[in-house]
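*Asks:* model this:
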Amino acid sequence: MTRGELRVYLGAAPGVGKTYRMLDEAHRRRDRGADVVIGLVECHGRVLTEAMVDDLEVVPCRAVSHRGGVIEEMDLEAVLRRAPQVVLVDELAHTNAPGSGNAQRRQDIEVLLKAGITVLSTLNIQHLESLGDVVEQITGIRQRETVPDSWVRRADQIELVDMTPEALRRRLAHGNVYAPERIDTSLGGYFRPGNLSALRELALLWLAGRVDAELERYRSEEGVTDAWKARERVVIALGGGPEGETLIRRAARIAQHGKGADLLAVHVARSDGLTGADPALLARQRLLMESLGGTYHQVLGEDVPHALIAFARGVNATRLVLGTGRRSRIARVLRPGTGTAVTALAGAIDVHLVTHEQGGAGARGHAVNPVSRRRRLAACALALMALVAVGFGLGLPVDEDNLASGVVLVFATVTVVALVGGLWPALLAAVCGFLLLNLLYTRPYLTFAVAHPQSLLALAGFVVVALSVSVVVDQAARRTREAARAGAEAQILATVAGNVLRGSRPLEALMDRLLETFSLTSVTLLERRADTPVGPDHRRDPASWSVVAFAGRNGKGSCRAPAEGDIDVPVDDRLTLVLRGREPAASDRRVIEAFAAQAAVALRQERLAEEVATVKPLAEADRMRTALLSAVSHDLRAPLASAKASVTSLRSEEVSFGEEDRAHLLAVADESLDHLTRLVADLLDMSRLQAGVLGVTLEALSARGSVFAALEQFGEVGGAVRVDVSERLPDVLADPGLLDRVLANVVGNALRFSPGDRPPTVSATWDGDTVEVLVVDHGPGVPEEERERMFAPFQRFGDTDNEAGLGLGLALSQGFAEAMGGSLTPHSTPGGGLTMRLVLRTTTGDGPPSE
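*Replies:* Numbering: from 1, shown residues only. Take a look at the predicted model:
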């Protein structure tokens with residue numbers, strides 16, 4: 001069976017017109033002859049939306065009992081039996097009521113799609129799983145109903161229903177989104193202009209990312225390699241030299257010309273691992289890229305220009321930024337540079353060649369000879385002795401018949417010398433061997449003249465081959481030594497990375513590893529004070545620096561200034577790594593600089609973690625304030641409005657009320673003011689709890705009596721609660737008022753969410769010096785991962801109205817229980833539901849009295 005198609009109408013916020021656009025598409029398809037039905041559409045009382053539903057076939061929904069009420073869910077089986085071509089299923093992210101076949105509405109949609117039915121659905125951007133934390137940060141509201149991004153991206157079509165914040169707020173103010181009593185609250189809360197602008201930007205960017213992915217897939221399927229400049233992408237080619245930071249900053253300025261341009265940096269490493277790049281510089285440049293909002297990439301390739309172009313085309317780059325060559329003039333004459341080759345291969349990609357101070361200065365300066373001076377001198381001595389031995393071994397002088405043997409022996413000598421001392425001793429051996437062969441084995445003997453042209457040609461060929469062999473052997477030896485060193489460096493850095501990742505204090509672990517690796521006595525990371533000017537003596541002044549991290553042995557203290565160490569490695573403008581104990585070899589400098597760069601990264605991570613820990617309480621306080629304002633804006637306004645309306649009516653001289661009407665208005669005012677008093681009392685108690693100044697008076701109370709006193713507050717409804725509390729339980733130590741409020745709140749929740757045929761149960765047991773009160777309901781329960789959030793202030797857990805108050809009940813109840821020396825915890829009810837466990841201390845440790 002052919003799978004159905006999914007079309008999603010995506011909006012930035014409620015009210016932008018997603019459902020209306022979906023219904024409009026349904027009419028269009030029906031008019032073209034398609035079989036279209038409505039599986040479920042939420043009109044939310046919007047007149048224009050309801051008018052669009054009237055002339056479409058609707059599959060009746062099924063009624064589901066949930067939390068003491070009845071809600072309507074899509075009847076999946078009925079839709080499958082009807083088997084239309086197209087079905088409308090509103091609110092894709094909805095969570096089905098308990099007892100439904102599937103937990104999520106998207107699972108119902110998946111069933112319809114597998115049955116070959118095309119589905120039209122709607123979704124708000126705040127319900128995407130990846131954006132949950134961002135939306136909460138913007139709006140102060142955490143979305144409980146979310147859909148995985150990957151599932152939505154699989155939709156055949158996603159259409160953005162867009163509307164400016166100003167237009168949406170006008171629509172809301174005109175009553176086209178919510179009921180009149182919710183307009184003021186919404187305009188001052190979720191629908192603030194800043195919120196709507198941010199949500200709109202999220203929707204546009206998310207959809208742009210999906211469009212970009214579809215474009216890449218199309219280019220891949222069609223084999224398109226030319227750059228399509230649909231979106232600006234700037235790629236920076238990093239060679240591992242000091243000019244990288246200049247290139248990155250220049251490319252960032254180029255990217256700023258196009259709003260939303262992507263910035264990518266790439267370094268091409270040789271496939272043999274011998275890149276010749278400075279890892280410390282690359283690490284620093286990677287940090288700079290990340291700070292500018294870009295990404296860093298590394299690819300393998302023997303041919304740098306082709307590797308750069310392949311990467312740029314692979315990411316659909318529009319611009320490629322390179323630095324001018326760092327090679328010498330002779331090298332540029334012999335072979336075109338990377339910039340020239342890339343320009344020739346770029347095609348439609350714009351190539352920017354950026355000049356820098358290192359341009360034309362030679363490739364990375366003067367290369368350090370990996371062979372020690374002692375070995376080079378030893379190789380020169382070996383070459384002279386070996387050539388003398390060759391001369392005496394073959395006899396002096398002899399005829400030219402021994403020329404071939406002499407050539408072979410001299411070749412062997414040149415090869416051995418190249419292995420021992422490198423290129424220059426080998427070249428010396430080749431030149432001396434040429435002179436020896438010319439002097440002893442070519443006529444006329446013992447002179448440098450050559451009688452036969454053939455002999456001259458043989459000697460010239462020998463010199464060319466000997467020089468070539470010297471170069472090849474020297475390069476092979478260098479490569480072997482570089483490979484061994486690169487392997488050792490990689491192993492050291494891998495060990496460092498492992499230790500840093502596994503440790504809770506990465507900076508401390510990195511400093512200890514550096515101390516151990518290079519057998520140092522101390523390692524100090526110094527930071528220059530922000531108020532200290534940079535002068536000629538600031539490196540010697542301890543007052544200019546502060547110690548950020550330190551590792552040492554043998555009782556050695558930290559260095560207080562860079563000049564106090566044996567070697568210092570600047571990390572950036574303010575950080576310097578100072579080593580003491582011995583001066584490492586020049587070849588170790590690269591690894592130490594890599595350590596220094598990673599130390600800066602670890603320091604930044606630790607400071608970010610500290611900032612997060614500092615900001616978290618402030619963010620929580622801000623969330624509380626936002627929730628409080630949101631709750632107060634309605635919950636306090638509603639009873640005030642009711643009381644004021646009743647009093648104003650009673651005082652009016654234009655209307656004459658009868659006794660019954662006057663009594664009703666007075667009752668409404670009285671009830672509203674009582675409700676307002678309870679709300680204010682809850683807010684005050686919550687603030688006292690958080691400040692730790694709640695007044696508690698403990699006294700001996702009967703657990704059974706307290707339970708029945710709490711049940712009396714619910715009248716006839718409370719009589720349905722089953723009570724199993726023995727009179728023989730010992731008294732508990734509690735505050736009468738606080739215990740009454742805890743029990744009333746917990747029992748009230750149980751009554752509210754229990755089905756009518758299974759009322760809640762209250763039982764109590766005694767264990768040593770505590771009494772445990774269990775309030776058991778058989779309602780929908782609360783998922784385990786949500787239970788901790790149950791006790792956060794201003795949580796209503798699925799309530800769609802505000803009639804239950806500010807959502808402080810459980811937060812206050814838990815606080816009251818703990819203030820009395822007890823606890824209040826949630827547990828699962830066997831068979832479904834929630835059990836609240838209240839533990840209180842007894843007045844004594846004795847058991848119940850005997851009969």
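*Asks:* separation between the nearest residue to residue 17 once chain neighbours are set aside and residue 344?
*Replies:* The shortest distance from residue 17 to any non-neighbouring residue, by CB to CB, 6 or more residues apart in numbering, is to residue 161 (5.3 Å). Placement of C-beta: from N, CA and C, glycine included. Distance, residue 161 to residue 344, by CB to CB, to the nearest Å: 48 Å.
*Asks:* Those two: which is more packed in?
*Replies:* Set side by side, residue 161 and residue 344 show more neighbours around residue 161, with 18 against 12, by other CB atoms under 10 Å.
*Asks:* my read: the residue nearest to residue 17 touches residue 10, true?
*Replies:* Yes - using CB atoms under 8 Å, residue 161 is in contact with residue 10, at 6.8 Å.
*Asks:* joint contacts of these two?
*Replies:* Between them, residue 161 and residue 10 share these contacting residues under CB atoms under 8 Å, 6 or more residues apart in numbering: residue 18.
*Asks:* ok, back up a step: what's the pLDDT at the residue nearest to residue 17?
*Replies:* pLDDT, residue 161: 93.
*Asks:* any idea how far residue 13 is from it?
*Replies:* Residue 161 is 10 Å from residue 13, by CB to CB.
*Asks:* Ok, residue 534 next?
*Replies:* From residue 534 to residue 13 the distance is 51 Å (CB to CB).
*Asks:* circling back to that earlier point, distance of the residue nearest to residue 17 relative to residue 86?
*Replies:* For residue 161, the distance to residue 86 - CB to CB - is 18 Å.
*Asks:* List the residues that contact the spatially closest residue to residue 578 that is not a sequence neighbour.
*Replies:* Residue nearest to residue 578 in three dimensions, not counting chain neighbours: residue 565, with 3.7 Å by CB to CB, 6+ apart. By CB under 8 Å, 6+ apart, residue 565 lies in contact with 522, 524, 559, 578, 579, 580.
*Asks:* how about 6 Å then?
*Replies:* 559, 578, 579, 580 (CB atoms under 6 Å, 6 or more residues apart in numbering).
*Asks:* helix or strand for the second one, which one?
*Replies:* Secondary-structure assignment from DSSP states H and E places residue 578 in strand 575-580.
*Asks:* Neighbouring strands of that strand in the sheet, and parallel or not?
*Replies:* With DSSP bridges as the test, strand 575-580 is paired with strand 522-528 (antiparallel), strand 567-570 (antiparallel).
*Asks:* what about the closest residue to residue 122 other than its chain neighbours, distance to residue 159?
*Replies:* Nearest non-adjacent residue to residue 122, counting by CB to CB, 6+ apart: residue 18, 4.0 Å away. For residue 18, the distance to residue 159 (CB to CB) stands at 9 Å.
*Asks:* neighbour-wise, which of the two wins?
*Replies:* Per other CB under 10 Å, whichever of residue 18 and residue 159 has more neighbours is residue 18, with 25 against 18.
*Asks:* That one contacts residue 10, doesn't it?
*Replies:* No - if you go by CB atoms under 6 Å, residue 18 and residue 10 don't touch, sitting 7.4 Å apart.
*Asks:* ok, which stretches of the stretch 301-450 of the chain are strands?
*Replies:* 319-323, 350-354 (DSSP state E, counting those that start in this stretch).
*Asks:* counting contacts, what elements does the last one pack onto?
*Replies:* Applying 3 or more CB pairs under 6 Å, 6 or more residues apart in numbering; DSSP states H and E, one finds that strand 350-354 contacts strand 319-323, helix 338-345.
*Asks:* which one of the ones you listed is the most hemmed in?
*Replies:* strand 319-323 (a mean of 25; mean count of other CB atoms under 10 Å).
*Asks:* on that earlier part again, what about residue 534 and residue 13, which has more around it?
*Replies:* Set residue 534 next to residue 13 and count neighbours by other CB under 10 Å: residue 13 wins out with 22 against 9.
*Asks:* what about residue 6, neighbour count?
*Replies:* So residue 6, with other CB under 10 Å, has 23 neighbours.
*Asks:* got the buried residues for stretch 142-152?
*Replies:* Neighbour counts over stretch 142-152 (16 or more other CB atoms under 10 Å) mark 143, 146, 147, 151, 152 as buried.
*Asks:* And the contacts of the strand holding residue 578?
*Replies:* 520-527, 559, 562, 565-570, 596, 600.
*Asks:* List only buried entries from those residues.
*Replies:* By 16+ other CB under 10 Å, these give 520-527, 559, 562, 565, 567-569, 596, 600 as buried.
*Asks:* Residue nearest the middle of this structure, spatially speaking?
*Replies:* Taking CA atoms, centre = their mean, the centroid of the chain lies closest to residue 130, which sits 9.7 Å from it.
*Asks:* who's in contact with residue 61?
*Replies:* Residue 61 neighbours (CB under 6 Å, 6+ apart): 72, 75.
*Asks:* confidence score at the most far-flung residue of the chain relative to its centre?
*Replies:* Note on the chain: the largest C-alpha distance from the chain mean falls to residue 444, namely 82.0 Å (CA atoms, centre = their mean). With respect to pLDDT, residue 444 scores 72.
*Asks:* which residues in the stretch 401-550 of the chain form helices?
*Replies:* Using DSSP state H, counting those that start in this stretch, the helices of the stretch 401-550 of the chain run over 403-421, 423-441, 453-502, 506-517.
*Asks:* all strands for the stretch 151-300 of the chain, in order.
*Replies:* So, for the stretch 151-300 of the chain - with DSSP E, counting those that start in this stretch - the strands run 157-161, 233-238, 262-269, 295-300.
*Asks:* Of the helices and strands packed on strand 350-354, which is nearest residue 59?
*Replies:* Judged by CB to CB, the one of the helices and strands packed on strand 350-354 that comes nearest to residue 59 is strand 319-323, at 54.1 Å.
*Asks:* Now do that closest one against strand 262-269, angle only.
*Replies:* Strand 319-323 and strand 262-269 meet at an angle of 50 degrees, taking axes from the mean of the first three to the mean of the last three CA atoms, to 10 degrees as the criterion.
*Asks:* What are the contacting residues of strand 319-323?
*Replies:* Strand 319-323 is contacted from outside by 234-237, 243, 247, 251, 312, 339, 349-354, 356, using CB under 6 Å, 6+ apart.
*Asks:* Does anything pack onto the helix or strand containing residue 739? Which helices or strands?
*Replies:* Assigned by DSSP H and E, residue 739 belongs to helix 736-753. Using 3+ CB pairs under 6 Å, 6+ apart as the contact criterion, the elements in contact with helix 736-753 are helix 703-712, strand 770-776, helix 809-819.
*Asks:* buried residues in stretch 541-553?
*Replies:* Residues 544, 545, 548, 549, 550, 551, 552 are the ones in stretch 541-553 that count as buried (16+ other CB under 10 Å).
*Asks:* Write down the beta-bridge partners of the closest residue to the last one other than its chain neighbours, one by one.
*Replies:* Nearest non-adjacent residue to residue 552, counting by CB to CB, 6+ apart: residue 522, 3.7 Å away. Listed by DSSP bridges, the beta-bridge partners for residue 522 are residue 552, residue 580.
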